[in-house]
Structure formats: C-alpha cells, structure tokens
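# Sequence first, predicted coordinates after that:
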Amino acid sequence: MLTITDADRSLAAELGLLLVHQPETADDRALAADPRATRTPETWSVKVAITKRPVGRLHFTPVDCLYASKFVTGVSGIEETVADALRWIAPIVRHARTGQYDGTETIIRRFGSAIERPRAITECGAKAAGADYNPIAAKSAIVNGEAGEMCPACKAKLEARGASDGSNLSERSGSASIKQRAFIRRLLDEAACCGCPYLIDARAINQMSSRSASATIDALKSLKARDWKGDL
C-alpha cells in the first residue's frame with residue numbers, strides 16, 4: 001500500500017518542501033466504504049518549507065493510486081511513487097552563474113546528436129541548467145525582490161558581496177539620500193583614478209531614486225572588487 005515513508009520526508013526536506021497530512025473527510029469515509037476500495041483515501045498538502053506556501057497536493061485514492069497535483073501549472077496526474085511526485089511538484093531552483101566556465105560538457109540534443117559546450121560555473125558549485133540566472137539577472141532579481149526561485153546558497157553568496165533587496169526603496173526621482181549620492185561620487189572618483197572615467201553621467205546622480213542609487217552602488221562595488229575590469 002502506498003504511503004508517506006521516512007525516506008519521502010527526507011527527500012521533501014532536501015527539496016525544500018513540507019508534507020502536511022489533511023484531516024479525513026466524510027467523502028473519504030464514504031469512498032472507503034465502497035466494496036471495491038482497498039484502502040481509506042488520504043490527502044497530503046505539499047508546501048514550501050520556508051514560506052509555508054502550498055505548491056501541490058498528494059492524494060492516495062481508494063484503489064491505492066497516487067494522484068499528484070502541481071498548483072503552479074494547474075496540472076494533475078498519476079505518479080508511481082511519492083518520490084517521483086515530490087520531484088515533479090518541487091518548484092524550480094534557479095542557480096546564479098558566475099560568468100566563468102570550466103572545461104566543456106557533452107549535451108545530447110533532442111534528436112540524438114551530441115554537442116560540446118562550455119561548462120558554466122554557478123555561485124554554489126551546483127551543475128548549471130538552462131533556467132539559471134546570468135550574473136546581471138541574478139543581481140537584478142535580488143535588488144528588485146524577485147529572487148524567490150533563486151538557490152539559497154547562490155543568493156547568500158551574492159548578498160555577501162553586496163547585493164541586497166532594494167524593493168522597499170523609493171523609485172521617486174531624486175529620492176536618493178545625500179549619503180548614497182556621496183558614496184557614488186567617491187566610487188566614481190576611484191574608478192577615474194584607476195583608468196575608468198565616465199562610467200555614468202555624474203550629472204544624473206542628483207536625479208537618482210533611492211532604488212536606482214542602491215543598484216548603482218552595488219554595481220560599482222562589484223566592479224571595484226574586479227579591479228575596475230569589465231562592464232559595470
């Protein structure tokens with residue numbers, strides 16, 4: 001008989017999920033009383049462990065089938081095992097790429113042909129995938145408060161290097177603080193002394209919003225950490 005095992009709970013924890021058993025209903029008892037039933041139906045809610053947001057549901061039917069639902073796509077179907085259902089329901093975890101590469105990897109394309117491509121490095125060291133953030137998109141997602149799908153380890157590394165959630169900052173033109181404007185000017189002076197003048201138009205600093213000033217500071221600090229080499 002299909003059921004939730006300790007191994008299933010461990011897998012759910014690894015995927016960042018939480019399994020919550022739902023109380024038995026009158027409908028469940030009625031279905032269990034059917035002569036063709038082989039078990040009492042069970043329903044489990046699948047939630048994101050951190051936010052407690054429901055992302056799916058597991059339902060064991062009276063004839064011992066596992067019916068899984070994934071809320072984000074609105075799709076349901078029969079799965080052979082709880083592990084398969086959990087892997088399908090789990091939200092996509094997007095890693096942040098560093099912009100660097102290490103060797104090559106062989107990819108088998110849809111029609112069977114193989115190609116080699118550079119192996120991208122991610123912030124956390126996990127294998128890169130097509131849904132990953134590029135370096136600029138990763139920082140933008142954090143600054144704009146849209147990093148909900150980002151790998152926690154990748155996010156922590158980017159935050160340790162200065163990326164921060166600026167979604168609560170004002171977007172009103174000219175709302176940047178005196179401290180923010182002074183810091184930007186100081187960084188621009190350092191850049192100019194290191195051979196990188198004219199990174200941004202200094203005349204626009206006074207018109208920056210708090211959010212754009214915060215993003216500019218993060219970008220300048222990142223460029224400084226690279227010895228003022230590369231793009232802003």
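The structure has been received and is ready for your questions. Numbering: from 1, shown residues only.

# Would you mind splitting this structure into its domains for me?
6-89, 97-160, 178-225 (automatic domain parsing).

# Which stretches in this structure count as strands?
Listed in chain order, the strands of the chain (DSSP state E) span 17-21, 42-48, 54-60, 66-70, 75-79, 97-108, 114-122.

# Any chance of JSON lines for these, columns mean pLDDT and distance to residue 207?
The way it works is simple: take the backbone N, C-alpha and C, and place the C-beta from them, glycine included. Output for the strands of the chain, formatted as JSON lines (pLDDT from 0 to 100; distance: least, C-beta to C-beta, whole Å):
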{"stretch": "strand 17-21", "mean pLDDT": "91", "distance to residue 207": "45"}
{"stretch": "strand 42-48", "mean pLDDT": "92", "distance to residue 207": "40"}
{"stretch": "strand 54-60", "mean pLDDT": "92", "distance to residue 207": "42"}
{"stretch": "strand 66-70", "mean pLDDT": "91", "distance to residue 207": "45"}
{"stretch": "strand 75-79", "mean pLDDT": "87", "distance to residue 207": "47"}
{"stretch": "strand 97-108", "mean pLDDT": "85", "distance to residue 207": "30"}
{"stretch": "strand 114-122", "mean pLDDT": "86", "distance to residue 207": "36"}
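
# Excluding residues flanking it in the chain, which one is nearest residue 40?
Closest residue to residue 40 apart from its sequence neighbours, by C-beta to C-beta, 6 or more residues apart in numbering: residue 32 at 4.1 Å.

# do the same with residue 79
Residue 79's closest residue in space is residue 85 (C-beta to C-beta, 6+ apart), at 4.0 Å.

# what does residue 57 give?
Using C-beta to C-beta, 6+ apart, the nearest residue to residue 57 is residue 69, at 4.5 Å.

# Assess the claim that residue 218 and residue 162 are in contact.
Yes - contact between residue 218 and residue 162 holds when scored by C-beta atoms under 8 Å: they sit 5.2 Å apart.

# for the protein, which spans come out with low pLDDT?
By pLDDT under 70, the low-scoring segments of the chain are 108-112.

# can you give me the helices for it?
6-14, 26-32, 82-89, 135-143, 152-160, 178-193, 210-225 (DSSP state H).

# before we move on, back to that, would you list the strands of the chain in TSV and tack on distance to residue 200?
Listed next are those as TSV, based on distance: least, C-beta to C-beta, whole Å:
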stretch	distance to residue 200
strand 17-21	43
strand 42-48	38
strand 54-60	41
strand 66-70	44
strand 75-79	46
strand 97-108	21
strand 114-122	29
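
# can I get these in a markdown table with distance to residue 158 and mean neighbour count?
Below are the strands of the chain laid out as a markdown table (distance: least, C-beta to C-beta, whole Å; neighbours: other C-beta atoms under 10 Å):
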| stretch | distance to residue 158 | mean neighbour count |
| --- | --- | --- |
| strand 17-21 | 24 | 16 |
| strand 42-48 | 21 | 18 |
| strand 54-60 | 24 | 20 |
| strand 66-70 | 28 | 18 |
| strand 75-79 | 32 | 13 |
| strand 97-108 | 10 | 12 |
| strand 114-122 | 11 | 13 |
